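K.L.:
Here is my input, please return the structure:
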Amino acid sequence: MREIICKDTGEIVHDYKSYLNTRHWQIKRLQIAKYRKYTCEICGKNCRETNNRANIHHKTYVRIGNELNKDLYYLCEHCHNEVHKYKITFNLDKYKQQPPKSNHKKYKNTRKNKVKRS
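P.N.:
Now for the predicted structure:
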């Protein structure tokens, strides 16, 4: 991986694992959590209220170190794992309408893998 420069904090790292430990990423994670109101963008669970672990998922790595809010998704741990399990490079709106098969309660008992409408 190329050198990653965090423009706001001036930190420079050489790999993604080190990047995740930067002050820049810790600040950005908190900003995204607050911006998304601690709610998973796929299943709608509020991770803060349910004590579910949450992950910030990069939609793109083009601006790593200087991400825009639209480059990142706030996902509960289960949905984040599903995204990686199915190697989804996705349009989130389309994914919400037709998620992959899983045992996640939002998707369980859905016909032809489509989310039931309330």
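K.L.:
so residue 73, which of the three states?
P.N.:
Following DSSP: H, G, I helix; E, B strand; the rest coil, residue 73 is assigned to strand.
K.L.:
I figured it was touching residue 59, is that so?
P.N.:
Yes: shown here, residue 73 and residue 59 form a contact pair, counting by Cβ atoms under 8 Å, at 6.2 Å. No exception for glycine: its C-beta is placed from N, CA and C like everyone else's.
K.L.:
if you count what's nearby, which of these two comes out ahead?
P.N.:
More neighbours surround residue 73 than the other of residue 73 and residue 59, with 22 against 15 (other Cβ atoms under 10 Å).
K.L.:
Need the three-state assignment for the closest residue to that one other than its chain neighbours.
P.N.:
Sequence neighbours aside, residue 57 is the residue nearest to residue 73 in space, at 4.4 Å (criterion: Cβ to Cβ, 6 or more residues apart in numbering). Judged by three-state DSSP, the three-state class of residue 57 is strand.
K.L.:
roughly how far apart are residue 57 and residue 12?
P.N.:
24 Å (Cβ to Cβ, to the nearest Å).
K.L.:
go on, residue 4?
P.N.:
Residue 4 is 7 Å from residue 12, by Cβ to Cβ.
K.L.:
show me the residues around the residue sitting nearest the centre point of the chain that make contact.
P.N.:
Nearest to the mean C-alpha position of the chain, by Cα atoms, centre = their mean, lies residue 57 at 2.8 Å. Contacts of residue 57 were listed using Cβ atoms under 8 Å, 6 or more residues apart in numbering, and they are 72, 73, 74, 75, 80, 83.
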